[in-house]
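Novice: Sequence below, structure please.
(one chain, ligands or ions: 1)
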Amino acid sequence: MNQKQRMQHGLPYKSSLDGLKQEREACQLKLYDYNHLRPDEYVQREALIRSVLGKAGSDIHIEAPFRCDYGSNIEVGDQFYANYNCTILDGGKVTIGHEVMFAPNVSLYTAGHPIHHIPRNAGYEYALPITIGDNVWIGGNVVITPGVTIGNNTVIGAGSIVTKDIPANVVAAGNPCRVLRAITEQDRAYYYKDQRFDITADDL
Ligand SMILES: CC(=O)SCCNC(=O)CCNC(=O)[C@H](O)C(C)(C)COP(=O)(O)OP(=O)(O)OC[C@H]1O[C@@H](n2cnc3c(N)ncnc32)[C@H](O)[C@@H]1OP(=O)(O)O
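Specialist: Numbering: from 1, shown residues only. As a prediction, this is how the structure comes out:
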């Protein structure tokens, strides 16, 4: 296996070899253009981000600045929104479901380095997939570490460091991120803590 195949298989690899550096550079060039577009250059924006991402559903919007390593390893579903300064280190596969929202400064790191300095300084790294389900909202300044899966409909509180899988239908927060509570049908009537919607159920 070459270094790219090793990366794709979750094995330790050297990211400077076998064309990986060139792939990252090609991605950086596109993102440089993307991040320097005027906010009203809608057509160029859409075309550029679709040329960066491996797969993208309908109606996606990623605010600039956005950064990733390869782009080709990222799949996003329909109605994806990422607020300012999203960073995705996508040596490993990143799969994001439908109707997912990222607040500012969300970081997804599939990449890591060995704990011991000898193999780390020898240039080895690894990349493990990150999966985010449908209807997930990730709060501001959240970091998601390699190999994590977040289940459908879940909310991750601002500032969390997510080091382990988080199930579906929960609010989870903290460092390390832990489940705070389940999300229930009762939550539907409220927009913030005990504040009830002043809108009829038919509109929600
Ligand atoms: C595209 C965009 O998203 S832009 C918008 C950007 N906005 C954000 O990033 C805001 C994200 N929101 C949060 O983090 C909120 O705190 C939420 C959604 C997690 C609150 O969820 P709720 O279930 O309503 O939690 P609630 O406010 O009742 O708090 C429950 C407990 O969790 C704690 N808690 C709430 N949020 C967090 C957090 N982010 N980190 C750690 N603890 C938290 C509270 O202090 C409280 O603790 P206590 O029981 O000891 O008093």
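
Novice: Compute the distance between residue 175 and residue 44, please.
Specialist: Using C-beta to C-beta, to the nearest Å, we find residue 175 at a distance of 38 Å from residue 44. In short, each C-beta sits where N, CA and C put it, glycine included.

Novice: So which bits of the chain are right by the ligand?
Specialist: 81, 83, 101, 103, 139-140, 155, 157-159, 171, 173-174, 180-181, 193 (C-beta under 6 Å from any ligand atom).

Novice: Strands - which of those residues land there?
Specialist: 81, 101, 155, 171, 173, 180-181 (DSSP state E).

Novice: Farthest pair within these?
Specialist: 81 and 181 (24.4 Å; C-beta to C-beta).

Novice: Which residues does residue 67 form beta bridges with?
Specialist: The residues listed as beta-bridge partners of residue 67 by DSSP bridges are residue 87.

Novice: what's the spacing between it and residue 129?
Specialist: In this structure, residue 67 and residue 129 are separated by 19 Å, where distance is defined by C-beta to C-beta.

Novice: go on, residue 38?
Specialist: As for residue 38, its distance to residue 129 is 35 Å (criterion: C-beta to C-beta).

Novice: Tell me which stretches of the chain form helices.
Specialist: 3-8, 20-35, 42-52, 117-121 (DSSP state H).

Novice: so what's the residue in the chain that the ligand sits nearest to up against?
Specialist: The chain approaches the ligand most closely through residue 157 (2.7 Å), counting by C-beta to the nearest ligand atom. By C-beta atoms under 8 Å, 6 or more residues apart in numbering, the contact set of residue 157 is 139, 142, 171-174, 177, 180.

Novice: Can you pick out the most distant pair from those?
Specialist: Maximum pairwise distance among those (C-beta to C-beta): 14.2 Å, between 142 and 180.
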